[in-house]
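S.K.: Any chance you can model this:
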Amino acid sequence: MSNSAHSAQREMQMRLTLMVERGAQTNARGVVTEFSGRSHTWAQFAERVARLAGGLQDLGAKAGDRVAILALNSDRYLEFLFAVPWAGAVFVPINTRLAPPEIAYWLNDSGAEVLFVDDTFVPMLGALQGPLETVGSVVYLGDGAAPEGLQHYEGLIEGRAVIDDAGRTGDDLAGLYYTGGTTGVSKGVMMTHTNMVMNALNFTPVGQFDYWSKFLHAAPMFHMADGAGAFAMAIVGGGHCFIPGFEPVASLAAIEEFRPTHSVLVPTMVNMMINHPDVNKYDITSLRRVIYGAAPMPTPVIVRALEVMPGISFVHGYGQTEAAPFISALDPRHLEGPDIPEGRRNSIGHAGGAVEVRVLDERDVEVPANTVGEICTRGPHVMPCYWKQPELSAETLRNGWLHTGDSGYMDEDGFLYIVDRIKDMIISGGENVYSAEVESAVHKHDAVVECAVIGIPNDKWGEQVHAIVRLTEPGAVEAGDLIAFCHDLIANYKCPRSIDFTETPYHYPVPAKS
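M.R.: Prediction:
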């Protein structure tokens, strides 16, 4: 085989839509989606994706055009994520927590020509239609009659022919994910077919996804973290179930009803579930693996989770949108045995199988083991650039490395540890204070349920360390006693100088139905 033929063959395999074809080929009668009384087999799913792609083309979607979605989790959201690239277009998931001006900015900046919305966001269209510059068609994802002027989702599928896959692959753009970042300016992260497929291949062994697995979509599907699970599950031909948005009881009930084996959650979600008074009323024994990320799991939370959910393995995953997003993970088996090093529980684990990771200094030179620097990565999982931001792209991808903006270190066994976000570091009296380290110390007090540490202005020190804490019950510990507790764990300059107590638990935001 010639080099050009070999290259073409390899490139053709790097396409998201191959997952649909393979699922229909290897598990045609297996149920792939369950939601709201609906279920579809892989054979039905593949047909619906191909018909929906034809409907998109009839709306005028061409190769490379952007198609956006503003909706809560559902089976139709998953169909959308495959139908758009099947039609040759690029999907743009919109954060459901944004205000109308922010949504309009994402839509205009991406140049989206088609927008999918569900019942929750139809009322918002009035506030969007004035500022929208490129959206020409709006598709209604709900079950009732489509509002005036909107195309019906099922109407794009019914009666349409099954079309051939558009053949977008390799370096062709598959998705455009926006992220706020530390600058506060939304950036479009360009994800190619290769990026997305490589991420699924890297993530599959970490999650131990297989043909018999079922994935619960509890985290928002607009987020790349949920996408990692969605595409990894698709690549093995497994199943999916959904709840519109995270809520502790809804999640517990869905686990009991649909019997999923896997999910991707953030520590706050896990914390809310395991501390809910009704947690023991639900049968959640089907769940066997939870990948968590976005923040470290405080030790008391993981200890409590293992007590409440003894049959579940908790995997600490690390990544960012620009890396599609998976970079590394700590397999729970690394925590077993009598000789586990102190602090290993706080590691973000080893780099993924086809992920190269280094800890670099400000000159992009690798630092010695156990030395703090910036975590950087490169490989086929890394975005080609930001959308329409060449200068920012050049800075973030300088010298061929994706600079994550996370400070951390790697030990002599290749385990990674995050210290903090570089730009979120607190500088008090000339000393660097990493909020994650302080939060870990505060969390070790038995009375603490949740904690966030920030820097606030101080005339003498520049910044002082300030903690916002929720307790198991009001008054369970006084501020002075909690600060003294921290002094036994971390250096004096790192300890909180002030504490605010809150009785309001953090609720993962989900828009209310109108």
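S.K.: Look up phi and psi at the residue lying closest to Gly149 once chain neighbours are set aside.
M.R.: Among residues not flanking Gly149 along the chain, Val138 sits closest, at 7.1 Å (C-beta to C-beta, 6 or more residues apart in numbering). To be clear about C-beta, it is placed using only N, CA and C from the backbone, and glycine gets the same treatment. Reported as degrees, to the nearest 10, the phi and psi values for Val138 are phi -120, psi 130.
S.K.: residue ranges with poor pLDDT in the stretch 151-300 of the chain?
M.R.: Counting by pLDDT under 70, the stretch 151-300 of the chain shows low-confidence ranges at 180-185, 294-296.
S.K.: need the contact list for the residue nearest to Ile284 when sequence neighbours are not counted.
M.R.: Nearest residue to Ile284 in three dimensions, chain neighbours excluded: Ile255, at 4.5 Å (C-beta to C-beta, 6+ apart). With contact taken as C-beta atoms under 8 Å, 6 or more residues apart in numbering, Ile255 is in contact with Leu216, Tyr282, Asp283, Ile284, Ser286, Leu287.
S.K.: Quick check: the two most widely separated of the residues you listed?
M.R.: Largest separation among the contacts of Ile255 by C-beta to C-beta: Leu216 and Asp283, giving 14.0 Å.
S.K.: circling back to that earlier point, turn the contacts of Ile255 into TSV, including distance to Ala146 and neighbour count.
M.R.: Shown next, in TSV, are the contacts of Ile255 (distance: C-beta to C-beta, whole Å; neighbours: other C-beta atoms under 10 Å):
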residue	distance to Ala146	neighbour count
Leu216	29	26
Tyr282	36	17
Asp283	38	12
Ile284	37	20
Ser286	36	16
Leu287	37	22
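S.K.: what's the closest of those residues to Lys388?
M.R.: The closest of the contacts of Ile255, once distances to Lys388 are taken by C-beta to C-beta, is Leu216, at 35.4 Å.
S.K.: give me the element that closest one is part of.
M.R.: Here Leu216 sits within strand 214-217, counting by DSSP states H and E.
S.K.: Show me what that strand is packed against.
M.R.: helix 224-235, strand 239-242, helix 248-258, strand 262-265 (3 or more C-beta pairs under 8 Å, 6 or more residues apart in numbering; DSSP states H and E).
S.K.: And these: which comes nearest Trp461?
M.R.: helix 224-235 (36.0 Å).
S.K.: Render the CA-only coordinates of that closest one in PDB, please.
M.R.: Presented in PDB, the C-alpha positions along helix 224-235 are these (Å, rounded to 0.1, in the frame of the first residue of the first chain):
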ATOM      1  CA  MET A 224     -17.200  18.700  26.800                       C
ATOM      2  CA  ALA A 225     -16.900  16.500  29.900                       C
ATOM      3  CA  ASP A 226     -20.300  14.900  29.200                       C
ATOM      4  CA  GLY A 227     -19.300  14.700  25.600                       C
ATOM      5  CA  ALA A 228     -16.300  12.600  26.600                       C
ATOM      6  CA  GLY A 229     -18.600  10.000  28.100                       C
ATOM      7  CA  ALA A 230     -21.100  10.300  25.200                       C
ATOM      8  CA  PHE A 231     -18.600   9.600  22.500                       C
ATOM      9  CA  ALA A 232     -16.700   7.000  24.400                       C
ATOM     10  CA  MET A 233     -19.900   5.100  25.000                       C
ATOM     11  CA  ALA A 234     -20.800   5.500  21.300                       C
ATOM     12  CA  ILE A 235     -17.500   4.100  20.200                       C
END
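S.K.: Now do it: distance to the chain's middle.
M.R.: 9 Å (C-alpha atoms, centre = their mean, to the nearest Å).
S.K.: just stretch 48-55 next, same as before
M.R.: Taking mean C-alpha positions (C-alpha atoms, centre = their mean), stretch 48-55 and its chain are 26 Å apart.
S.K.: again with stretch 262-275
M.R.: Worked out by C-alpha atoms, centre = their mean, stretch 262-275 lies 13 Å from the chain centre.
S.K.: Now for the residue nearest to Phe82 when sequence neighbours are not counted: which residues touch it?
M.R.: Spatial nearest neighbour of Phe82, excluding adjacent residues (C-beta to C-beta, 6+ apart): Val49 at 4.7 Å. When contacts are counted by C-beta under 8 Å, 6+ apart, Val49 touches Thr17, Val20, Glu79, Phe82, Ala83, Trp86.
S.K.: Count the residues that sit near the fourth one.
M.R.: What that stands for is Phe82. When neighbours are counted by other C-beta atoms under 10 Å, Phe82 registers 26.
S.K.: One more: the third one?
M.R.: Other residues lying near Glu79 total 24 when counted by other C-beta under 10 Å.
S.K.: That one should be in a strand, yeah?
M.R.: No: counting by DSSP: H, G, I helix; E, B strand; the rest coil, Glu79 is not found in a strand; it is helix.
S.K.: quick one on the thing from earlier: out of the helices and strands packed on strand 214-217, which comes closest to Val382?
M.R.: Taking the helices and strands packed on strand 214-217 one by one with C-beta to C-beta, helix 224-235 is closest: 13.0 Å.
S.K.: which residues are contacting the strand holding Leu216?
M.R.: Defining contact as C-beta under 8 Å, 6+ apart, one finds that strand 214-217 is touched by 73, 78, 209, 226, 229-230, 233, 238-243, 251, 254-255, 258-263, 286-287.
S.K.: Quickly name whichever of the contacts of Val49 is closest to Glu113.
M.R.: Ala83 (15.0 Å).
S.K.: Let me see the confidence value for the closest one.
M.R.: pLDDT for Ala83: 98.
S.K.: Now for it: which residues touch it?
M.R.: Here Ala83 is in contact with Arg48, Val49, Ala50, Leu52, Ala53, Leu56 (C-beta under 8 Å, 6+ apart).
S.K.: Which helix or strand contains the third one?
M.R.: Meaning Ala50. helix 42-58.
S.K.: Now the element after that helix, going C-ward?
M.R.: Immediately after helix 42-58, counting by DSSP H and E, sits strand 66-70.
S.K.: Who are the packing partners of that following strand?
M.R.: Helices and strands touching strand 66-70, by 3+ C-beta pairs under 8 Å, 6+ apart, are helix 75-86, strand 90-93, helix 100-110, strand 114-117.
S.K.: Of these, which shows the lowest average pLDDT?
M.R.: helix 100-110 (a mean of 92).
S.K.: Any buried residues in stretch 300-311, and which?
M.R.: In terms of neighbour count (16 or more other C-beta atoms under 10 Å), stretch 300-311 has its buried residues at Pro300, Val301, Ile302, Arg304, Ala305, Val308, Met309.
S.K.: the strands in the stretch 351-500 of the chain, which residues?
M.R.: 356-360, 373-378, 402-410, 416-421, 426-428, 431-433, 448-458, 462-471, 498-501 (DSSP state E, counting those that start in this stretch).
S.K.: what mean pLDDT does the fifth one have?
M.R.: So the one you mean is strand 426-428. Mean predicted confidence for strand 426-428 is 74.
S.K.: and what of the longest one?
M.R.: When pLDDT is averaged along strand 448-458, the result is 87.
S.K.: Where does the prediction get shaky in the stretch 401-514 of the chain?
M.R.: For the stretch 401-514 of the chain (pLDDT under 70), the answer is 421-425, 427, 429-432, 459-460, 504-514.
S.K.: before we move on, back to that, return the member of the contacts of Ala83 nearest to Val448.
M.R.: Comparing these against Val448 with C-beta to C-beta places Val49 closest, at 46.6 Å.
S.K.: What separation do you get for the closest one and Asn275?
M.R.: 39 Å (C-beta to C-beta, to the nearest Å).
S.K.: Show me what stretch 485-492 is in contact with.
M.R.: Against stretch 485-492 from outside (C-beta under 8 Å, 6+ apart): Glu437, Val438, Ala441, Val442, Lys444, His445, Val477, Lys494, Cys495, Pro496.
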